[in-house]
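K.L.:
Predicted model and sequence below, questions to follow.
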Amino acid sequence: MKNRQNDHMSVEQDERDRLRTALLAFFEEAKRMRKIRSVRAWVTASEIGYNTLNDIVRGKRNKRLEDETYFALAMGATKLLGREVTVAELQGISSSPASELSDADAQLLADLKIIGNADEGERQDLEELIRKRAQAARARLQPEA
């Protein structure tokens, strides 16, 4: 039992390290291109707290960013780079072109894009529903313990 717990923690740490590396690679590339000048510029455009990102960039804390934070960082990067930046890009996940998506997945992505146009109450309801569905999907994909 203890071995499984250690394995799980190791996998979790590996994923946390991978996500941090991907985020730092994105940031360094954007700085090199002179699109994102600093952590402060990015967090200001993203409307999040300075230390939320700075602690990760500096390696001060071994923390995991929440989905909402990645979304905010993607929106801030979109503003600064002048092109759409996705959460997947920040996380180093190569995404499939839309033409390779199933019709259902393509429709889901189209539906998700309109969330930004919903009123605040409706948006919160939709986001909560999406979170619950994603949690259920992850639970189904997890191997039995």
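P.N.:
Right, received. Where do you want to start? Numbers count the residues shown, from 1 in each chain.
K.L.:
make it CA atoms for all contacts and neighbour counts henceforth
P.N.:
Will do.
K.L.:
For the longest helix seen in the chain, which residues meet the burial criterion?
P.N.:
For the chain, the helix with the greatest residue count under DSSP state H is helix 2-32. Judged by neighbour count using 16 or more other CA atoms under 10 Å, the buried positions of helix 2-32 are 16, 19-24, 26-28, 30.
K.L.:
Where does the prediction get shaky in the chain?
P.N.:
For the chain, the stretches flagged by pLDDT under 70 are 1-9, 61-62, 95-102, 104-106, 109, 113-118, 141-145.
K.L.:
Show me where it has its helices.
P.N.:
Taking DSSP H, the helices of the chain run over residues 2-32, 39-46, 50-57, 67-81, 87-90, 103-113, 120-141.
K.L.:
Convert the C-alpha atoms of the fourth one to CSV, please.
P.N.:
Output for helix 67-81, consisting of C-alpha atoms alone and laid out as CSV, is shown next (Å, rounded to 0.1, in the frame of the first residue of the first chain):
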residue,chain,number,x,y,z
ASP,A,67,-7.0,25.1,-14.2
GLU,A,68,-8.4,28.6,-13.8
THR,A,69,-4.9,30.0,-13.4
TYR,A,70,-3.7,28.3,-16.6
PHE,A,71,-6.8,29.7,-18.4
ALA,A,72,-6.0,33.2,-17.1
LEU,A,73,-2.3,32.9,-18.1
ALA,A,74,-3.4,31.7,-21.6
MET,A,75,-5.7,34.8,-21.9
GLY,A,76,-3.0,37.1,-20.8
ALA,A,77,-0.5,35.6,-23.2
THR,A,78,-3.0,35.9,-26.0
LYS,A,79,-3.2,39.6,-25.3
LEU,A,80,0.5,40.1,-25.2
LEU,A,81,1.4,37.9,-28.1
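K.L.:
How about residue 86, nearest residue that isn't a chain neighbour?
P.N.:
residue 74 (5.5 Å; CA to CA, 6 or more residues apart in numbering).
K.L.:
Thank you kindly, that will do.
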